[in-house]
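Colleague: just coords:
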């Protein structure tokens with residue numbers, strides 16, 4: 001797991017080179033007929049990438065996005081009217097049975113179909129009209145890391161193909177930001193020591209980083225066996241805050257931008273409740289970086305738009321310290337994150 005986390009800058013560079021060609025082909029298809037609706041189908045870590053895609057695509061294109069519920073088709077046998085929609089299936093292995101069935105049914109109805117996968121020879125790659133291949137090489141750890149960030153990167157390119165104003169130069173900076181985030185490996189290990197006996201936790205991220213809250217929670221559950229819930233910081237105020245007690249561990253993704261004022265308000269309330277908070281941020285957010293417990297991605301100079309990454313581009317670099325923390329915490333607990341109990345790399349469900 002740790003080796004694969006470290007491979008992400010190079011994997012992102014390869015994935016971007018490959019994805020630009022796929023994006024250009026998709027843009028031509030979209031120019032001929034713009035979809036009225038986008039449906040994203042995925043499971044597990046890929047479903048968390050899809051959650052990012054929902055925010056990104058709606059924010060940047062204005063097209064409504066739905067996350068598919070595969071059971072509607074596989075268990076309840078209900079035909080969905082997907083004509084005129086674009087259906088995007090996301091799967092690391094490309095062999096998720098129910099995800100592929102959603103794509104197959106959509107294709108039969110004339111929907112525009114897109115597949116994002118790490119496996120060129122997979123069933124998914126054979127089904128989709130437009131295939132975005134994540135170039136992460138073989139992922140051996142059961143806990144997905146480099147394939148998640150590769151999927152997120154491909155969703156930027158899908159958005160761009162739909163007309164989103166996303167500059168290629170900004171995407172080319174993401175491997176550099178991933179490298180900067182990797183510099184926190186020692187800090188993540190030191191932080192993990194404090195949480196060795198943690199049994200439950202909450203992770204929060206809003207908007208574009210809500211998917212990271214879900215993904216970090218999943219990593220803590222599958223590699224460290226910590227009962228963890230991921231929340232939007234807005235949703236957290238609508239009930240779940242009642243469970244907060246002194247020393248409850250809460251982890252925050254805290255970028256600059258639209259979500260920071262609300263995040264800061266929640267942090268203030270949690271401070272009054274004496275909760276244990278740890279922030280993941282970058283040096284561009286000086287207020288968040290000043291918190292006593294924060295993992296701060298160091299600033300890389302030379303950015304035309306300021307020293308820190310824009311909020312739009314934070315999800316990839318921000319998840320890396322979380323991945324490093326989960327790997328370090330598993331080691332602290334004497335667990336093997338590469339082979340979590342009862343899990344396998346490919347999961348097939350209907």
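Modeller: That came through, no problem. Note that the coordinates shown come from a computational prediction; the quantities given were computed from them, not determined experimentally.
Colleague: center of the protein - which residue?
Modeller: residue 49 (4.1 Å; C-alpha atoms, centre = their mean).
Colleague: Which of the helices or strands spans that residue?
Modeller: Residue 49 belongs to helix 44-61 when assigned by DSSP states H and E.
Colleague: returning to that earlier point: name the nearest residue to the residue nearest to the centre of the chain, sequence neighbours excluded.
Modeller: Distances taken as C-beta to C-beta, 6 or more residues apart in numbering place residue 151 nearest to residue 49, at 3.9 Å, with adjacent residues excluded. Every C-beta, even on glycine, is put in place using the N, C-alpha and C of the backbone.
Colleague: show me the residues around that neighbour that make contact.
Modeller: Counting by C-beta atoms under 8 Å, 6 or more residues apart in numbering, residue 151 touches 46, 49, 90, 92, 116, 134.
Colleague: would you say it is within a strand?
Modeller: No: counting by DSSP: H, G, I helix; E, B strand; the rest coil, residue 151 falls outside a strand, being helix.
Colleague: and the gap between it and residue 174?
Modeller: From residue 151 over to residue 174 the distance is 13 Å, taken as C-beta to C-beta, to the nearest Å.
Colleague: now do residue 339
Modeller: 30 Å.
Colleague: Looking at these two, which is more packed in?
Modeller: More crowded of residue 339 and residue 174, by other C-beta atoms under 10 Å: residue 174, with 24 against 15.
Colleague: Confirm for me that that one is in contact with residue 315.
Modeller: No: the criterion here is C-beta atoms under 8 Å, and residue 174 misses it with residue 315 at 9.7 Å.
Colleague: In contact with the closest residue to residue 149 other than its chain neighbours, which residues?
Modeller: Spatial nearest neighbour of residue 149, excluding adjacent residues (C-beta to C-beta, 6+ apart): residue 316 at 5.0 Å. With contact taken as C-beta under 8 Å, 6+ apart, residue 316 is in contact with 12, 149, 152-153, 174, 177-178.
Colleague: Name the helix or strand for residue 316, please.
Modeller: Assigned by DSSP H and E, residue 316 falls in helix 315-332.
Colleague: Buried ones in that helix, by neighbour count?
Modeller: 315-332 (16 or more other C-beta atoms under 10 Å).
Colleague: How about stretch 187-206?
Modeller: Within stretch 187-206, the residues that qualify as buried are 187-189, 191-192, 195, 198, 201-206, counting by 16+ other C-beta under 10 Å.
Colleague: between those residues, which is closest to residue 168?
Modeller: residue 205 (25.9 Å; C-beta to C-beta).
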